[in-house]
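J.: this one's sequence-less:
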């Protein structure tokens, strides 16, 4: 199968796809990463939250932390996809926001940083 050419488009210009769906996936990944870090820190800091997030006893709170982070990631992706399906968005801003949230998620799951925040 050959790639579409300018002659395939009746207007004579090359068709471009909107970047919204890709941007939705990128930003949702950042949101999911940040949520994972936030929940990991919360479950480590609070026994009450830890018990609430223990969906599967052998895995402990990690089962709830990862389950909720995945649900948040999927819901965010779905909502942003619906909003940005046919739109062009500022991809550099989306990438920067996603990278910042990825950094938050990484830091909040890094034990020395978690201990520092908890005063240990």
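T.: That came through fine. If you're wondering where the values come from, they're calculated on a predicted model, not measured in any experiment.

J.: Centroid-nearest residue for this protein?
T.: The chain has residue 29 as the residue nearest its centroid, 2.2 Å off, counting by CA atoms, centre = their mean.

J.: isn't it right up against residue 98?
T.: Yes: the pair residue 29 / residue 98 is scored as a contact, 6.2 Å apart, by CB atoms under 8 Å. To be clear about C-beta, it is placed using only N, CA and C from the backbone, and glycine gets the same treatment.

J.: quick one: the helices in the chain?
T.: 20-45, 47-52, 61-84, 91-109, 111-118 (DSSP state H).

J.: Packing partners of the shortest one?
T.: Using 3 or more CB pairs under 8 Å, 6 or more residues apart in numbering; DSSP states H and E as the contact criterion, the elements in contact with helix 47-52 are helix 20-45, helix 61-84.

J.: Throw these into JSON lines and include distance to residue 51 and mean pLDDT, thanks.
T.: Conversion of these to JSON lines gives the following (distance: least, CB to CB, whole Å; pLDDT from 0 to 100):
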{"stretch": "helix 20-45", "distance to residue 51": "9", "mean pLDDT": "96"}
{"stretch": "helix 61-84", "distance to residue 51": "8", "mean pLDDT": "97"}
